[in-house]
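Novice: got a predicted structure here, sequence first:
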Amino acid sequence: MKQKIVMKVQFSSQKRRTDAFKIAAGTTGVSNVSIEADKDQIVVIGVGVDSVCLAKSLRKKLRYVEIVTVEEVKNKPEEKKPQVQSIPIQWASSYVHYPMPYDLVYRW
C-alpha cells in the first residue's frame, strides 16, 4: 500500500531543510520526498512507511514535527494511446560497388 504522509516542520534555516530531507529519504520504504518550504511541510511518499517512527526520528533532530495527513495514494489508470503503424522504407544505395582493378591496388 503506497502512502502519502504530510508533516508540518519548522524550517528556520536551509540546514534544517537539508537535515529533514536526509532523514526522510533514509527511512525504509520511502520512494519520494519533497519539501514545500512556503507551507513548512515535508511530503513523503512510499510503501510501508511508518509515519510515527518517521516523526520520532525527525523530532530528534528538528524538535517540532506534526503529522498533518496520512493518506493512500491510488494509481491513475493509464490511457491507451493509439499505436502508430510504421511502414518500412526500402532504400537502395546510390554507391555502386565495382571491383577494383588489380593494377591500381598493388601499383605503389
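Specialist: On my side now, so go ahead.
Novice: CA only for contacts and neighbour counts going forward, please
Specialist: Will do.
Novice: number of residues surrounding Lys4?
Specialist: Neighbours of Lys4 under the rule other Cα atoms under 10 Å: 21.
Novice: what's the answer for the one 4 residues further on, then?
Specialist: The number of residues packed around Lys8, counting by other Cα under 10 Å, is 18.
Novice: quick one: secondary structure of it?
Specialist: What DSSP: H, G, I helix; E, B strand; the rest coil gives for Lys8 is strand.
Novice: per-residue confidence for the spatially most central residue of the chain?
Specialist: Of all residues in the chain, the one closest to the mean position by Cα atoms, centre = their mean is Asn32, 7.0 Å from it. pLDDT recorded at Asn32 is 93.
Novice: with adjacent residues omitted, what lies nearest to it?
Specialist: Sequence neighbours aside, Ile45 is the residue nearest to Asn32 in space, at 5.0 Å (criterion: Cα to Cα, 6 or more residues apart in numbering).
Novice: you'd agree that neighbour is up against Ile5?
Specialist: Yes: counting by Cα atoms under 8 Å, Ile5 is a contact partner of Ile45 at 6.3 Å.
Novice: what about Arg17, which helix or strand?
Specialist: Here Arg17 sits within helix 14-25, counting by DSSP states H and E.
Novice: what comes into contact with that helix?
Specialist: For helix 14-25, the surrounding residues in contact (Cα atoms under 8 Å, 6 or more residues apart in numbering) are 11, 30-35, 44, 54, 57-58, 61-62.
Novice: let's go with 10 Å and repeat that
Specialist: 9-11, 26, 30-37, 40-45, 54-55, 57-59, 61-62 (Cα atoms under 10 Å, 6 or more residues apart in numbering).
Novice: great, nothing more from me.
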